[in-house]
Structures are given as structure tokens and as C-alpha cells.
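**Student:** show me how the following folds:
(one chain, ligands or ions: 1)
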Amino acid sequence: MLEIERRRTTNETDVTVKIDFDGSGETSVETGIPFFDHLLCSFARHGRFDLDLQVNGDLEIDDHHVVEDVGIVLGDVVHEAQRERVSIERFGSAIVPMDDALIMMAIDLGGRTYVDIKIEFKKEHVGSFVLDNVKHFLRSLADAGCLNLHTRKLAGEDDHHVAEATFKALGISLARAIQKDPALAGSTPSTKGNI
Ligand SMILES: [Mn+2]
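**Tutor:** Numbers count the residues shown, from 1 in each chain. This next block holds a predicted model:
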């Protein structure tokens, strides 16, 4: 069990998260943006994270602040998980197909932030969710979590599939990076001795 709780309150949003990185994929997610909820549930389900995420945000403006702040809070809890757990795998990657869509993602929890996102969409929205916010979410998460994150759309015509495969790839990559490597026996996967 690697359970972390966080609450982040600003003038724009109030985000409460409880996540168990060693869970089974149980989700309760309410951001006020149905398609974003769907993406976050896919992320948690395929990462086998138990995720309870409740957000009150200024959606009367648009979905930007909610998406950004959920990214920041999730990055924060990833960073804490990485510090709490010794002997993590550190690297995690996935290539996830979803019908026409094919997404590659690779993550390093080595503590140095670098983000390279090449995911393009055909349309501007799915439902009330602005698709450009997928990139903004990933960047916010990587910044707050000190992640090295690379992702590519290798194929995909349907924006719903492209976005969902991206969140599945994120869940799987993170789960692989954060899992314990028993072979390390208490040491850290870095030639420097710590990360
Ligand atoms: Mn779907």
C-alpha cells in the first residue's frame, strides 16, 4: 500500500485527492468535466491505482484551471510516492493501442523535469473538454512531479481514442516506474546513489 492524500485550495479550484499506487483500479472521480473524469478513470484503472479525486473549480470560466490543478496535485503525489518508496523501478513506458489510436509514452522518475509531447488532435473539443488541455495536463503533472516524460502519437484519427490511449499510457508507464524492484534490495536505481 502506497497511499497519499492531498488537498490543494486556491481562488480558482479546490482539489482533494486520495490515491493508492498499489491499488486495484477503483475510482471515484468528479471534476465537473465528464470527459476529463473518463480520462482520469482510464488512467487509474490501467495503472491499477485506487483514485478518489474530487474537484470544485471555476468551470464558469472554462476547464483550464481545473485541468491544470488536477495535473499539479497528481504530480505532487507522484513526487511524494517516489520519495517515500526506495527501490523503485524508476523507468516506465508503454505503447498503447486503442482501435485506430497508437500512443507511446516513456517516463523517468529520476527527479529531473523534461517534457516532450507530440500529440495532435483533429478537433478542438470532446464534449466540454478542450483537447489542447491534454498537453497542459501532462506538462503540469510532469512539472509538479519532476518527471521526465516523452509521449508520441504514432497513429490515430479519432480524438476520443487518442486522448484515452494517452491517459492509459500514462497510467501504465507510471505504474511500471513506481513499482518496487526487489532486485535492488533497498538501494536506488542510480549510479549516483540517490535520485
Ligand atoms: Mn472512451
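
**Student:** alpha carbons only for contacts and neighbour counts from here, please
**Tutor:** Fine.

**Student:** local confidence estimate at the residue nearest the centre of the chain?
**Tutor:** Centroid-nearest residue in the chain: residue 170, 5.3 Å away (criterion: C-alpha atoms, centre = their mean). We note a pLDDT of 98 for residue 170 in this prediction.

**Student:** my guess is it contacts residue 103, does it?
**Tutor:** No - assessed by C-alpha atoms under 8 Å, residue 170 is found out of contact with residue 103, at 9.8 Å.

**Student:** the residue nearest to the centre of the chain and residue 13, how far apart?
**Tutor:** For residue 170, the distance to residue 13 equals 23 Å [C-alpha to C-alpha, to the nearest Å].

**Student:** what's the answer for residue 130, then?
**Tutor:** Computed as C-alpha to C-alpha, the residue 130 to residue 13 distance reads 18 Å.

**Student:** cool, residue 101 as well?
**Tutor:** In terms of C-alpha to C-alpha, residue 101 sits 32 Å off from residue 13.

**Student:** now for residue 16: which residues touch it?
**Tutor:** Residue 16 sits next to 5-8, 53-55 when contact means C-alpha atoms under 8 Å, 6 or more residues apart in numbering.

**Student:** of those residues, keep whichever come out buried.
**Tutor:** 53-55 (16 or more other C-alpha atoms under 10 Å).

**Student:** now render those as TSV, adding secondary structure and pLDDT.
**Tutor:** Putting these into TSV (DSSP: H, G, I helix; E, B strand; the rest coil; pLDDT from 0 to 100) gives the following:
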residue	secondary structure	pLDDT
53	strand	98
54	strand	98
55	strand	97
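
**Student:** out of the residues you listed, which one sits closest to residue 161?
**Tutor:** Among those, residue 53 lies closest to residue 161 (C-alpha to C-alpha), at 22.7 Å.

**Student:** who's in contact with the closest one?
**Tutor:** Residue 53 touches 15-18, 28-31, counting by C-alpha under 8 Å, 6+ apart.

**Student:** so what's it bridging to?
**Tutor:** Note on residue 53: beta-bridge partners by DSSP bridges are residue 17, residue 29.

**Student:** rewinding a little: the residue nearest to the centre of the chain sits in which helix or strand?
**Tutor:** For residue 170, the host element (DSSP states H and E) is helix 159-178.

**Student:** with residue 39 instead?
**Tutor:** Using DSSP H and E, residue 39 maps to helix 34-47.
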